[in-house]
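Student: Generate coordinates for the sequence data below:
(chains A and B)
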2 protein chains.
Amino acid sequence: MNYIHGGDIYSDGVLIGRELLDFSSNINPLGIPDSFTIHLAEAINSLTRYPDIQYRELINSLCTYEMLGTVLHKENFILGNGASEIIDLSISCFKKVLIVVPSFLEYELSAKKWGVSIEYSYLDSSLEIDYQDIYNRMQNCDALIIGNPNNPNGGIIDKDKFQPILGYCENAKKTIIIDEAFIEFTNNIKHSFSGDIREYNCILIIRALTKYFAMPGIRFGYGITSNTELAEKIKSKQNPWNINCFAETAAKYVVKDKNYMDKSREWIENERNYMNAGLKEISFIEKVYKSYSNFLLCKLEGIDCHKLYDLCFQEGVLIRKAYNFQGLDEDYVRFAIKDREKNEKFMNILREVQATI
Amino acid sequence: MNYIHGGDIYSDGVLIGRELLDFSSNINPLGIPDSFTIHLAEAINSLTRYPDIQYRELINSLCTYEMLGTVLHKENFILGNGASEIIDLSISCFKKVLIVVPSFLEYELSAKKWGVSIEYSYLDSSLEIDYQDIYNRMQNCDALIIGNPNNPNGGIIDKDKFQPILGYCENAKKTIIIDEAFIEFTNNIKHSFSGDIREYNCILIIRALTKYFAMPGIRFGYGITSNTELAEKIKSKQNPWNINCFAETAAKYVVKDKNYMDKSREWIENERNYMNAGLKEISFIEKVYKSYSNFLLCKLEGIDCHKLYDLCFQEGVLIRKAYNFQGLDEDYVRFAIKDREKNEKFMNILREVQATI
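Tutor: All right, here's what the predicted structure looks like:
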């Protein structure tokens, strides 16, 4: 088995009893929001009945979630067993998708799985979005999928430059799938396209609890769009009761957890700066790409990602080799941003590695 | 919205704060197994990381589950977000399915959703399986789907009479999907086809935690087959990490919970007899069908299912009108079997209804 998403903490760690520092996985280090754990009893009490097939309370919570920045109704939502389900089913609705790459590998895998044709728009040599290229290629595609912020580099969409694409897709009745799994880490709601959903029918935004609310184990994601025809098409491919009661309870409460959001805001601001500054001092790192998210893509020099992975692994740290992202190669690695203690530990390890090469 | 699966406890109960006695839903009244709740911390600790993409510990537990009655390996398993996911994806693999009806409505809905042609084999006038009819119709179908025990009547497959169908499908490389979501309630492992999986490549068995382990909220089901080609085909349609950490933990432990199984065995034996005997005394019940499961299908006389539903609802009880099962009509209702206190209360209500008509 090839672990395409990075280090496999099960094969290399958990199952053989080894404690690893996981800098390959982009999870908020503040951990599980208390607002979920204090409501666990509600989930347990819901176990013995089927979930509400319409998930009314859950959708009400999402409607009020401030990061949505707009007023929405239940017909605007698609609930998924992880954002992967929404990505997968939405891609399956089209004939040809344009994928901005390098990006999350699942986009491509889903397209291939459903026999959807793929066209790529590559980030330019500075890993910036090539808006003109996207505009041109969209003439031949019926949907665009793009990360905002994008994984693995952490760049965001420039709304002004994106405007022509948005206008074109709206008129031509094409769809723009914007993966905002990391949007909260930007600390600025204006970077999200949630406020544009009312005006633009062409947008489908995908969100998740995975990253920002630190619960990859809960498997909950959702899509929002004012294109209710598309929403219905996606939902018709889902099974009833696809969200279990724990995911339901978690989503209901964490999106209202202001305390968690405040703490996260402070943490990411500080630690992104700290890591950015530290990494720039490391001799074998040629470039740290500007990131609005909780990870930093780096270009290496004098060492390749496999060698660096091995050296870090010997020190008990997992990092993400980024060579298998479309358009990147062995010169790239991605580091997660953790809490200060771990970041410090990790920076020390990188400095030690630096001394040996 | 039409609640095809029976009473909607959310619209009619939970969300408007009304306590209803739910005899429409077939859940083990012993409730959530302790073996899950005492291991909740394990699930919570797993929240902040992605599940093992191979779900190795979970599958190991399922492998040892006594109700499987055979030795299996991980390639024999398909894990699903509820049995519905397995039913849905397995049906999608075929061109034409034969559905034994009346049965669980999702079989038909899935086939229609995926554009799979449907042929029906009706239970006979005594609601017994028409084995010869199945045998004949399978010449034109590539898969059979049948419940064991079957919902809504609770009948099981007679293994001797089923033998020719099994032999034919094995030779002709056709598939038999056996939905064993209720198998544990039969109290006899010999009724399961799990012991036949090694010998017959054509069998795909579907199981769930939903009914017997009283956790419809957890959304966990699984398929077992020795046809690894089919298993791979189904898995290729799934998303990675489709089981969340709570479902994973629940499944790992409850299938080893001997205490729960012992108590369940005693309960179902006693209460099935109690309800059977009681219902046979009710004047407006013409027939109680022989059930091996935790529900009883009844044929009414002198009252139709809508009228009875309304009368029961006035008394705070939800029952399952069975008229929308293929082959049944307004004369049929299905009652769940609950614990003695509830069963008694329900029987008293039926006796009161009897006095008024």
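
Student: from here on, contacts and neighbour counts on C-alpha atoms
Tutor: Fine.

Student: which residues touch residue A:59?
Tutor: Neighbouring residues of residue A:59 by CA atoms under 8 Å, 6 or more residues apart in numbering or on different chains: A:74, A:77, A:252.

Student: Closest to chain B out of the residues you listed?
Tutor: Ranked by distance to chain B (CA to the nearest CA), those are led by residue A:74 at 13.7 Å.

Student: That closest one: neighbour count?
Tutor: Each residue near residue A:74 was counted by other CA atoms under 10 Å in any protein chain shown, and the total is 16.

Student: How about the one 3 residues further on?
Tutor: Summarising burial for residue A:77: neighbours were counted as other CA under 10 Å, giving 23.

Student: Skipping adjacent residues, who's closest to it in space?
Tutor: Leaving aside its chain neighbours, residue A:77 sits nearest to residue A:224 (4.8 Å; criterion: CA to CA, 6 or more residues apart in numbering or on different chains).

Student: Quickly list what the one you found is bridged to.
Tutor: Following DSSP bridges, residue A:224 is listed with bridge partners residue A:77, residue A:205.

Student: do you know how far it is from residue A:53?
Tutor: Separation of residue A:224 from residue A:53 (CA to CA, to the nearest Å) stands at 18 Å.

Student: mind listing what's buried in stretch A:316-336?
Tutor: A:316-323, A:325-328, A:330-336 (16 or more other CA atoms under 10 Å in any protein chain shown).

Student: sec struct for the residue in the stretch 251-357 of chain A that chain B sits nearest to, please.
Tutor: Minimum separation of the stretch 251-357 of chain A from chain B (CA to the nearest CA) falls at residue A:338, amounting to 12.8 Å. Following DSSP: H, G, I helix; E, B strand; the rest coil, we place residue A:338 in the coil state.

Student: on that earlier part again, who's more crowded, residue A:224 and residue A:53?
Tutor: A count of neighbours by other CA under 10 Å puts residue A:224 above the other of residue A:224 and residue A:53, at 27 against 13.

Student: which residues does the more buried one contact?
Tutor: By CA under 8 Å, 6+ apart, the residues touching residue A:224 are A:76, A:77, A:78, A:197, A:204, A:205, A:206.

Student: swap the cut-off to 6 Å and go again
Tutor: Residue A:224 makes contact with A:76, A:77, A:204, A:205, according to CA atoms under 6 Å, 6 or more residues apart in numbering or on different chains.

Student: how near is it to residue A:124?
Tutor: 29 Å.

Student: Residue A:330 too?
Tutor: According to CA to CA, residue A:330 and residue A:124 sit 18 Å apart.

Student: list the buried ones in the lengthiest helix in chain A?
Tutor: Assignment by DSSP state H gives helix A:258-280 as the longest helix of chain A. The neighbour-count check on helix A:258-280 (16+ other CA under 10 Å) flags A:260-261, A:264-265, A:267-269, A:271-272, A:275-276, A:278-279 as buried.

Student: Name every strand pairing with the next helix or strand after it and say which way it goes.
Tutor: Note on helix A:258-280: by DSSP states H and E, the next helix or strand toward the C-terminus is strand A:285-288. Strands that pair with strand A:285-288, judged by DSSP bridges, come out as strand A:295-300 (antiparallel).

Student: secondary structure class for the closest residue to residue A:88 other than its chain neighbours?
Tutor: Closest residue to residue A:88 apart from its sequence neighbours, by CA to CA, 6+ apart: residue A:110 at 5.2 Å. Residue A:110 falls in the helix class when you classify it by three-state DSSP.
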